[in-house]
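Student: give the three-dimensional model of this entry:
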Amino acid sequence: MLQAGIAQADITPLEALDLSGFARRKNPSVGVLDPIMSKSLFLKNKQKSVIISSNDVLAVSAEFCQSIVQAVSHSSPDALLNIAASHTHSAPACVSLRCCGQIDPAFIEMFHQHAAKAA
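Tutor: From the prediction side, this is the model:
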């Protein structure tokens, strides 16, 4: 028998932040058209557990991946984990890219916490 579960967390920032992927853009975001999300799918059968974490950001860092691995290690220590970024250019900067927005530490902290809960 296959068991499945889903979870999601809204990671849309409440304030205007630099968006990632817009080279040399000088202004922060000006509003929200659609929310950005962190979503997870959990699948389990008799042999394996799999967690797929999909995140509406340009890219995820090694530190982010490690925080998700750490978060799921308590509840699903043997789960195979796939962590992905949707590669949107309409989300705050999460990785350091030259001329593509400043990383906001408060957003990164919120993103890590919400994504870990969803996973």
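
Student: got the residue ranges for the helices in this structure?
Tutor: For the chain, the helices defined by DSSP state H cover 62-75, 105-118.

Student: helices or strands next to the first one in the packing?
Tutor: In terms of contacts (3 or more Cβ pairs under 8 Å, 6 or more residues apart in numbering; DSSP states H and E), helix 62-75 is packed against strand 80-85, helix 105-118. To be clear about C-beta, it is placed using only N, CA and C from the backbone, and glycine gets the same treatment.

Student: out of the helices of the chain, the one nearest residue 18 is which?
Tutor: Residue 18 sits nearest to helix 105-118 of all those, at 9.6 Å, using Cβ to Cβ.

Student: quick one: mean pLDDT for the closest one?
Tutor: On average, the pLDDT along helix 105-118 is 92.

Student: then stretch 46-65?
Tutor: 94.

Student: same question, stretch 28-39
Tutor: Stretch 28-39 comes out at a mean pLDDT of 91.

Student: quick check: buried residues in that stretch?
Tutor: For stretch 28-39, a neighbour-count test (16 or more other Cβ atoms under 10 Å) marks 29, 36-39 as buried.

Student: just stretch 57-67 next, same as before
Tutor: Residues 57-61, 64, 67 are the ones in stretch 57-67 that count as buried (16+ other Cβ under 10 Å).

Student: tell me which two of the residues you listed sit farthest apart.
Tutor: 58 and 67 (17.5 Å).

Student: any idea how far residue 104 is from the nearest residue to residue 112 once chain neighbours are set aside?
Tutor: Among residues not flanking residue 112 along the chain, residue 67 sits closest, at 4.9 Å (Cβ to Cβ, 6 or more residues apart in numbering). With the distance defined as Cβ to Cβ, to the nearest Å, residue 67 ends up 17 Å from residue 104.
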